[in-house]
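S.K.: turn this into a model:
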Amino acid sequence: MSLACLTFQSWAWDLDLGIAAQYNLFVKNKAKLKGADSQGKIAIGGNAVVNNFDVGVTQGNDPANTVLVVGGNLRAKGDQNIKGSASVGGTYTNTSSNTWWHPIQGNLSQANPIDFDTEFAHLENLSSQLATMTQTGSIDNQYGQLQLQPNKLM
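M.R.: Numbers count the residues shown, from 1 in each chain. Below you'll find the model as predicted:
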C-alpha cells in the first residue's frame, strides 16, 4: 500500500479576490442551478437558469439586497427562490407552471453591475502568480487523514 504525498503552498497572505469575494458562487459564463441552495450571493457572467434553487438564503430576505447578478438572460422557476433582488443584463423569464409563483422575492433591475471580463482577468492573473510560487510544505495521507507539514523556517 502506498501513501499519496501532495504539495501545497502555505502563506500568511491576504488574497485579493476582487468583487468575487462578495459571492458564494462567481461564474464566468453560463450556469444552470437546480434543486439546492446558496447561503449567499451568486454572480453569473452569462445566461442563467435557476430552477427551484434558493439564492441568498442567509441574506435576510431583504428586497433591497441584490443576491443574484446575471450578465446575460435569466430563466427562473419556483416560488421566491431568489431571497432578495436580482440584477439581469439581458431578459428575464419566469418559467413557473403556476402564474402566482414569483421566483424573485425582491426587485428586478435591468442592469449588469459587474464587469465580468475585468474581474476574471484579475482572477486569472492571481492564479498565474500563485502557480509560480514555490512549495512551502507538504500534505501526507496518514491512516486516512491528511497531515499538513509546513517547511521549517530558517
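S.K.: can you give me phi and psi for Gly18?
M.R.: Main-chain dihedrals, Gly18, degrees, to the nearest 10: phi 70, psi -150.
S.K.: isn't Gly72 up against Tyr92?
M.R.: No - Gly72 is not in contact with Tyr92 according to CB atoms under 8 Å; the separation is 10.7 Å. No exception for glycine: its C-beta is placed from N, CA and C like everyone else's.
S.K.: where does Ala121 sit: helix, strand or coil?
M.R.: Under DSSP: H, G, I helix; E, B strand; the rest coil, the three-state class of Ala121 is helix.
S.K.: give me the nearest residue to Gly56, chain neighbours excluded.
M.R.: In space, and not counting its chain neighbours, Gly56 is closest to Val67: 2.9 Å by CB to CB, 6 or more residues apart in numbering.
S.K.: helix/strand/coil for that neighbour?
M.R.: strand.
S.K.: distance of it relative to Gly84?
M.R.: From Val67 over to Gly84 the distance is 4 Å, taken as CB to CB, to the nearest Å.
S.K.: OK, contacts around Leu123?
M.R.: Taking CB atoms under 8 Å, 6 or more residues apart in numbering as the contact definition, Leu123 lies against 17-18, 20.
S.K.: got a list of what the most centrally placed residue in the chain touches?
M.R.: Ranked by distance to the mean C-alpha position of the chain (CA atoms, centre = their mean), the top residue is Leu25 at 0.8 Å. Counting by CB under 8 Å, 6+ apart, Leu25 makes contact with 31, 38, 42-44.
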